[in-house]
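K.L.:
I'll drop the sequence and a predicted model, then ask my questions.
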Amino acid sequence: MKTFKALMARKSDSAATLALEDVPMTDLMPGDTLVRVTHSTINYKDGLAILGRNKVIERYPLIPGIDFSGVVEETTNAGLKAGERVIMNGYGAGTRHHGGLAEYARVDGDSLIPCPDAFSNAQAMAIGVAGYTAMLCVMCLEEHGVTPADGPVLVTGAAGGVGSIALAVLGKLGWEIDASSGRPELEDYLKGLGAARVIPRNELNGELRPLLSARWRSAIDVVGGTTLAYVLASMKQDGVVAACGLAGGMELPTTVIPFILRRVTLAGVNCEVPKQRQLDAWARLARDLPRERLDAMTQHVSLARAPSFAQKIIDGQVRGRIVVDIEPQSL
């Protein structure tokens, strides 16, 4: 029986487990396209899934990995052909459908997008859902009328995946960036990606009042919780905050005052958007993400080592992006 290697999450009455297994090809879930996975990545959501947290995995057994890049092996989808390089971002992968931490994936071809010629498969996963979400946040700010001429933009959680890509893109586009991080030792790293200033995390967790000194016209927040409330209270008139994360908590202890007195806009961003929006975001990444900065923020690990990074990414100990290199055996 033909098999492939995969990280398989299983759950018993007592606990969730994860192990590298030889999985029969017949255990792949339904889909019109078989992809030979070349690379995956570890996002914050993957860390939760690997650790069995927050009910991220909706069914067991399941292969985690919410995104992957690879090559179409077989397909009956009219929009695809064998040998085409493709990317999967979300759409249930790694949560309710077998995901990318495996040598092979069978999925609905309509959920795949072509890998831009500007990126290798490895670079596509150095971007991954995190970087793609960062680009959606940048586009959100632009669509709300904010420009570099409006002064500095704040990026919270700046050393993580979303934050690192956001710094690189915003820097290329000419924005002045304030990068917030709880790791002062990464100041050189953050400035190398484009930050003008590094703001200690505790500056955004002081005394919380309905309104604080107006500091920013725009912000990208991946932290949520008290940090997001502090950012909202610190926005200038007609400020815009693109919020895409909750690493600091799901609660939002704020008031309506920033929205009424300063006309602040809180815009939510997530990665599951219409396909044309996906294509537009990847086209922008191909144009506006400097490759040298992408490579500087990326580390590569094997499939077997990938689980060891789950707790680190949840604890905010990962800098930039983690690419999982997968070398699938031939069928």
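P.N.:
Arrived safely, thanks for sending.
K.L.:
When you work out contacts or count neighbours from here on, use the C-alpha atoms and nothing else.
P.N.:
OK.
K.L.:
buried set for stretch 139-147?
P.N.:
By 16 or more other CA atoms under 10 Å, the buried positions in stretch 139-147 come out as 139-141, 144, 146-147.
K.L.:
neighbouring contacts of that stretch?
P.N.:
175, 217-218, 240-242, 267, 269, 281 (CA atoms under 8 Å, 6 or more residues apart in numbering).
K.L.:
Buried ones among these?
P.N.:
Members of these classed as buried by 16+ other CA under 10 Å are 175, 217-218, 240-242, 269, 281.
K.L.:
could the residues you listed go into TSV alongside distance to Val169, pLDDT and secondary structure?
P.N.:
Compiled in TSV, the buried ones among the contacts of stretch 139-147 are given as follows (distance: CA to CA, whole Å; pLDDT from 0 to 100; DSSP: H, G, I helix; E, B strand; the rest coil):
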residue	distance to Val169	pLDDT	secondary structure
Trp175	9	98	coil
Arg217	18	98	strand
Ser218	15	98	strand
Val240	18	98	strand
Val241	17	98	strand
Ala242	15	98	strand
Val269	17	97	coil
Ala281	12	97	helix
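K.L.:
The closest residue to Thr76 other than its chain neighbours: what's it in contact with?
P.N.:
Residue nearest to Thr76 in three dimensions, not counting chain neighbours: Asp32, with 5.6 Å by CA to CA, 6 or more residues apart in numbering. Going by CA under 8 Å, 6+ apart, Asp32 touches 75-77, 106-109.
K.L.:
Can you give me the distance of Asp32 to Leu261?
P.N.:
In this structure, Asp32 and Leu261 are 52 Å apart, going by CA to CA, to the nearest Å.
K.L.:
show me where pLDDT drops low in the stretch 1-150 of the chain?
P.N.:
Across the stretch 1-150 of the chain, the ranges flagged by pLDDT under 70 are 14.
K.L.:
Okay, helices next: where are they in it?
P.N.:
Residue ranges of the helices in the stretch 1-150 of the chain, as given by DSSP state H, counting those that start in this stretch, are 44-50, 121-143.
K.L.:
export those to a markdown table and tack on distance to Ala158?
P.N.:
Output for these, formatted as a markdown table (distance: least, CA to CA, whole Å):
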| stretch | distance to Ala158 |
| --- | --- |
| helix 44-50 | 14 |
| helix 121-143 | 11 |
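K.L.:
Val318 is nearest to which of those helices?
P.N.:
Closest of those to Val318 is helix 44-50, at 9.9 Å (criterion: CA to CA).
K.L.:
Need the contact partners of that closest one.
P.N.:
Contacts for helix 44-50 (CA under 8 Å, 6+ apart): 9, 18, 54-57, 64-66, 94-95, 307, 309-311, 313-314.
K.L.:
what sits against the residue nearest the centre of the chain?
P.N.:
Geometric centre of the chain, nearest residue: Ala130, 1.5 Å, by CA atoms, centre = their mean. Residues in contact with Ala130, defined by CA under 8 Å, 6+ apart, are 43, 161-162, 165.
K.L.:
in stretch 237-251, what's buried?
P.N.:
So for stretch 237-251, counting by 16+ other CA under 10 Å, buried means 237-247.
K.L.:
Check the offset of it from the chain's centre.
P.N.:
On the basis of CA atoms, centre = their mean, to the nearest Å, stretch 237-251 sits 15 Å off its chain's mean C-alpha point.
K.L.:
Name the surrounding residues that touch it.
P.N.:
133, 137, 140-141, 144, 146, 214, 216-227, 232, 262-270, 314.
K.L.:
Quick one, which of these are buried?
P.N.:
133, 137, 140-141, 144, 146, 216-227, 232, 262-266, 269-270, 314.
K.L.:
Which of the residues you listed fall in strands?
P.N.:
Per DSSP state E, strands hold the following members of the buried ones among the contacts of stretch 237-251: 216-221, 265-266.
K.L.:
Dump these into TSV; add distance to Ile199 as well.
P.N.:
Shown next, in TSV, are those (distance: CA to CA, whole Å):
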residue	distance to Ile199
Trp216	13
Arg217	16
Ser218	15
Ala219	13
Ile220	14
Asp221	14
Thr265	23
Leu266	21
